[in-house]
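Chemist: Got a predicted model here, sequence first, then my questions.
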Amino acid sequence: MFGNPSRVLSRTRSAVDELVNDADFNDDLRIPSSGDDSSTSGSFTGQRATKNTEIDNMLTEPMAKSKSHTYNNTFISCSPEVDVSCSRLDSKKTITPGNSRNGKEHDSSVEHFEKLADQGNAKAALGLLYTTIHGSASWKDLDFRETSLTHHNLTLRACKRHRPPYHIEARRVLLQMRECGPSPNLQTYHEVIAALARAHEWRIAERTFAELKRDFPNHNPTIELHTSLISAYGKGGQWERAKSTFDALAKENVTMDTGIYNALLSAAVGAARYHEASIVFEQMPKKGIIRNVTTYNAILTSLGRQRRIFDMELVHKNMRKSYVEPNETTLSLLITAHGNAGDCYRAVEHLEEACKARWLKKSAVIFNSALGACVKSGESKLARDVLSMMHAEGVIPTLVTYNTMLMSASARHDWNQVVNIYLELLQHGLTPDAITFDCICGIDKLQSATDAPGRALSATGSVPNAKTSCIRHNDYKSAETRNVHDKKSQLSVGNSLVTDLGTLPELLRSTLNELDMLATESASPQKLTSTTCHVYDALLRALHLSGQAAEVETVFKAMVSKRVCRTVHTYNSLIASYEVRRQWKQAGQAMISMQEEGIAPDALTFDALINVCEEMGQWDRATAWLEHAQEQGHLRCEDELGVLDLHRIRSAGTAQTVLRWWLRRMRSRALAPLDVRAAGQGTRIILESATRGATVSRKSNNVRTCSASLSEADIPLQIRDLPDQIQVVTGWGKHSTVFGYSPVKERVLALLGGLNSPFIVPEYNIGCVVAERGEVRAWLVRDELLSLVRFLGGNRAALRRNFNPMGVDT
DNA sequence: CTAGGGTTAG
């Protein structure tokens, strides 16, 4: 269905025709990027510890002093005006009930909100909510207030149904309601907690739950509310919290249902506690709880992660015996599992079975699963069959479908086909994502598996200390690499890999030429620009990966002069090319330019920039960019107090910056008890009230979790005590290009070792380092005093070396 | 209310 490779040009033409004819092309509704919602999301770890009152404000203030410009038309950014209306209503004299609005009007507005809530149209609902509030002068009208509450709750439901980042808005609406009315009820809280759960924001969900208990002390939250809380914990990987919430409820003799068991089950699966997952699954029938499709899907996910394909088939049979009908998810799970096990034929059998079942709703997902299975096994013929089945069922290919196809073509080094598929993707109005560019240039896992041992040798040969593993010159033309050139498609260069992409760059260049010619002929050339832009992005990525860093900059400049629009991918390639060339100044300048253009940087952008700054000895700059990134919700590695997770950090330099940032904060925390005693007042009040709250709740309810969640939520993160064990998660290095070697892990071990830290690699998990709280505190405080002595002694170099014993400029 | 898979990378 993707046509044949020789028709690149004609395909381009047809793509162009479609663009010109279709006015709606690429005019998709773009959701505001999650990069802007930082001020209220996450664990606030990015915020500097200043005054405690400020910290508290960050958590409770309804109006974020945010620079959020993406929400321009929504309720929230208009909230200052709402505020005005609130204060106005206070000074207003009572309006006689009934004379302001009639019932009919209320009903129709509620209907409108209901519709938006069902559609999950959060933006429209928020806008409507704002106009409704703003237009009303009848806040003392009881009837209206009641309706307004309904409006608010329905808006929150819209936020919940919509994908994140609208959970931020939900939380803000709640805070707004508390301040200006209408007063939130149980349902309000439920909607907000559910929205936060969906967004994996367990910490804010927990806090909201605590607030609910505070606001409704005589009301026991429903089982559904607890289910939402457990779900939030589960999605945040907080198994222990999920479990104790569940156990606490069980102790109170509350009747449990399938829903809460399912939430608990998926919390176990999400936290990779597979043993606990099977215990929960086994317990359900014993406790008289009925298993449904969701239950089975959860346990299948668990088995799938454990690569237990045989057990999965068994569970599948059992569920049929129990008359639980599988759904699309069930079959997708099975198909993917067979794909991972290398049995794409069995995968396709399941797909055929699904197609036979007429009643079963089939989306692109199930076909994508089967397609992925075929591509993993290198069965392109079978992959084509899957595509025909998809077509026959009338299912439209998605971006994932195209990404998978691209993977398959690039694995075969069929660059013509790669360009073909890419153009078709663009022709269908899809916007490529970061994965697309990886798939375009992606190197086949099958082949790399065969020459991995050779690469591993060349990479581990370089000693991973700061001096040798910092970015080197691009010496990929060296004799050593040329000799092995025909054997490998990927070559190790310093610590970056150069990929042989064959004719791909040239093909992309000639495609650009064709597009350029078409643009001059076309009546409306601007419609071509998005296609042109994406092809440029692909070219930049290909150039970067094939080691042509200088060419990346040249092509980027061409884009600017030709006024081709840029994307985050454009700048990611550009900054990555500066990273390779060790040009931290240019990288920083590129970051500034993209922000001026209104393009939100992502984690990859920040990682590349921070890495090059750190490795070039620009530590203050690296730290400043890190804090900048964290303000925007990226590179937040401390999701739990005392646990630093470097899992998702790509480069060693960035890991070093994060580690230093974390140790500095830890050090000020280690010194915190002194501060609390000295600076008293505000801090002391917070602490005292939190402790009181904890004791009260402990008395009224001897369940440990509730008191824990209350007191923890009420003490700002910055002055809470550290846990018994401090941990840095370094990851296993499993997914590193070279098996068993992780630059991040090596760097962390070298740094902590060089600093004489008490951290050690425990036997039970080689993917982390741990130390006792007391030892860490002693180490950090001792270090603090030593630095002070050195500082007073005028030893500037020593002070600067603090936490960076092996940095490049020592 | 609860489940939500699949593609890349790490």
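Modeler: Perfect, thanks for sending it.
Chemist: Residues of the stretch 51-200 of chain A that sit close to DNA strand B?
Modeler: Residues of the stretch 51-200 of chain A lying near DNA strand B by Cβ under 7 Å from any atom of the strand: A:157, A:160, A:194, A:197, A:198. (Glycine included, C-beta is placed from N, CA and C.)
Chemist: All the strands of chain A, in order from the start?
Modeler: Assigned strands in chain A, in chain order: A:490-493, A:496-499, A:643-645, A:725-729, A:768-772 (criterion: DSSP state E).
Chemist: what would those strands look like in TSV with mean pLDDT?
Modeler: Listed next are these as TSV, based on pLDDT from 0 to 100:
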stretch	mean pLDDT
strand A:490-493	42
strand A:496-499	64
strand A:643-645	87
strand A:725-729	89
strand A:768-772	89
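Chemist: Of all the ones you listed, which one is nearest residue A:409?
Modeler: For the strands of chain A, distance to residue A:409 was read as Cβ to Cβ. The smallest value, 15.0 Å, belongs to strand A:496-499.
Chemist: one step back: could you save the strands of chain A as TSV and add columns showing mean neighbour count and distance to residue A:339?
Modeler: Output for the strands of chain A, formatted as TSV (neighbours: other Cβ atoms under 10 Å; distance: least, Cβ to Cβ, whole Å):
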stretch	mean neighbour count	distance to residue A:339
strand A:490-493	20	24
strand A:496-499	20	25
strand A:643-645	21	29
strand A:725-729	20	29
strand A:768-772	19	30
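Chemist: just so I know, which of the ones you listed lies nearest DNA strand B?
Modeler: The closest of the strands of chain A to DNA strand B is strand A:496-499. By Cβ to the nearest atom of the strand, the value is 8.1 Å.
Chemist: Flag the shaky bits of the stretch 451-600 of chain A, pLDDT-wise.
Modeler: A:451-497, A:522-527 (pLDDT under 70).
Chemist: same check, this time on the stretch 51-200 of chain A
Modeler: In the stretch 51-200 of chain A (pLDDT under 70), the answer is A:51-114, A:116-123, A:125-126, A:128-129, A:132-149, A:152-153, A:155-156, A:158-166.
Chemist: ok, the closest residue to DNA strand B within it to residue A:268 distance?
Modeler: DNA strand B sits closest to residue A:194 of the stretch 51-200 of chain A, with a gap of 4.3 Å, by Cβ to the nearest atom of the strand. For residue A:194, the distance to residue A:268 (Cβ to Cβ, to the nearest Å) stands at 20 Å.
Chemist: Residue A:641 and residue A:287: what is the separation?
Modeler: According to Cβ to Cβ, residue A:641 and residue A:287 sit 34 Å apart.
Chemist: do the same with residue A:415
Modeler: Here the criterion is Cβ to Cβ. By it, residue A:415 lies 58 Å from residue A:287.
Chemist: Between those two, which has more neighbouring residues?
Modeler: Neighbour comparison, residue A:415 and residue A:287: the larger count goes to residue A:415, with 21 against 9 (by other Cβ atoms under 10 Å).
Chemist: Who are the contact partners of the nearest residue to that one once chain neighbours are set aside?
Modeler: The spatially closest residue to residue A:415, leaving aside those adjacent along the chain, is residue A:504, at 4.4 Å (Cβ to Cβ, 6 or more residues apart in numbering). By Cβ atoms under 8 Å, 6 or more residues apart in numbering, the residues touching residue A:504 are A:415, A:418, A:419, A:440, A:441, A:542, A:546.
Chemist: change it to 7 Å
Modeler: A:415, A:418, A:542 (Cβ atoms under 7 Å, 6 or more residues apart in numbering).
Chemist: which one among these gets closest to DNA strand B?
Modeler: DNA strand B has its nearest neighbour among these in residue A:418, at 13.5 Å by Cβ to the nearest atom of the strand.
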